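Undergrad: Have a look; sequence and predicted model below, questions after that.
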Amino acid sequence: MKFLVVDDEKDVEMLFRQKFRKEIRSNALELEFAFSGDEAIEILRSNHPPEVVYIFSDINMPGMSGLELLEKVKTDFPQIKVSMISAYGDQHNYDKAMESGAKAFFTKPIDFEELREEINQLIHQ
């Protein structure tokens, strides 16, 4: 099961790989990383249908924001679930994300146990 993490902060990749080491090693989870919304769209378009089943995206990124990415994914790839991650857990971003079809909304610092529960639910569906 392939997940795409979209965040302009490069150290997020190491953090996710470390926190989900066990799931990656057992091949229950495959992680791919994009550092912008445009890169995420390129990855999704590189396979037909896309291999990615779930996206975790930061909201505040240069260029295409996470909310813009969410809308584009929901239009072009409606089968892919998207959850938003933001350092700013304000009501406006939360409302906009949920109205646009986000599955969940996580605030930074990321509670990886909460995220693991979300991933495990998908893996065991």
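TA: Now that the structure is in, tell me what you want to look at. Numbers count the residues shown, from 1 in each chain.

Undergrad: then the lowest-mean-pLDDT helix or strand in the chain to CSV, C-alphas only?
TA: Lowest by mean pLDDT, DSSP states H and E among the helices and strands of the chain is helix 112-123, with a mean of 87. C-alpha atoms of helix 112-123 as CSV (Å, rounded to 0.1, in the frame of the first residue of the first chain):
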residue,chain,number,x,y,z
PHE,A,112,2.6,9.6,15.0
GLU,A,113,0.5,7.2,17.1
GLU,A,114,-2.6,8.9,15.8
LEU,A,115,-1.2,8.7,12.3
ARG,A,116,-0.3,5.1,12.8
GLU,A,117,-3.9,4.3,13.8
GLU,A,118,-5.1,6.0,10.6
ILE,A,119,-2.7,4.0,8.5
ASN,A,120,-3.4,0.7,10.3
GLN,A,121,-7.1,1.1,9.6
LEU,A,122,-6.4,1.4,5.9
ILE,A,123,-3.9,-1.5,5.9
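
Undergrad: Checking the spatially most central residue of the chain next. Helix, strand or coil?
TA: In the chain, the centroid-proximal residue (Cα atoms, centre = their mean) is Phe56; its distance is 1.1 Å. Three-state assignment for Phe56 (DSSP: H, G, I helix; E, B strand; the rest coil): strand.

Undergrad: Output stretch 24-32 in CSV, but only the C-alpha positions, please.
TA: The C-alpha trace of stretch 24-32 is given here as CSV (Å, rounded to 0.1, in the frame of the first residue of the first chain):
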residue,chain,number,x,y,z
ILE,A,24,8.0,-0.4,5.8
ARG,A,25,10.3,-3.4,6.7
SER,A,26,7.3,-5.7,6.7
ASN,A,27,6.1,-4.4,3.3
ALA,A,28,2.8,-3.3,4.8
LEU,A,29,3.5,0.2,3.9
GLU,A,30,5.4,1.9,1.1
LEU,A,31,6.2,5.6,1.4
GLU,A,32,7.0,8.1,-1.4
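
Undergrad: Can you list the neighbours in contact with that stretch?
TA: 1-5, 13, 16-17, 20, 23, 43, 52, 119, 123 (Cβ atoms under 8 Å, 6 or more residues apart in numbering). Heads up, the C-betas are built off the backbone N, CA and C, glycines and all.
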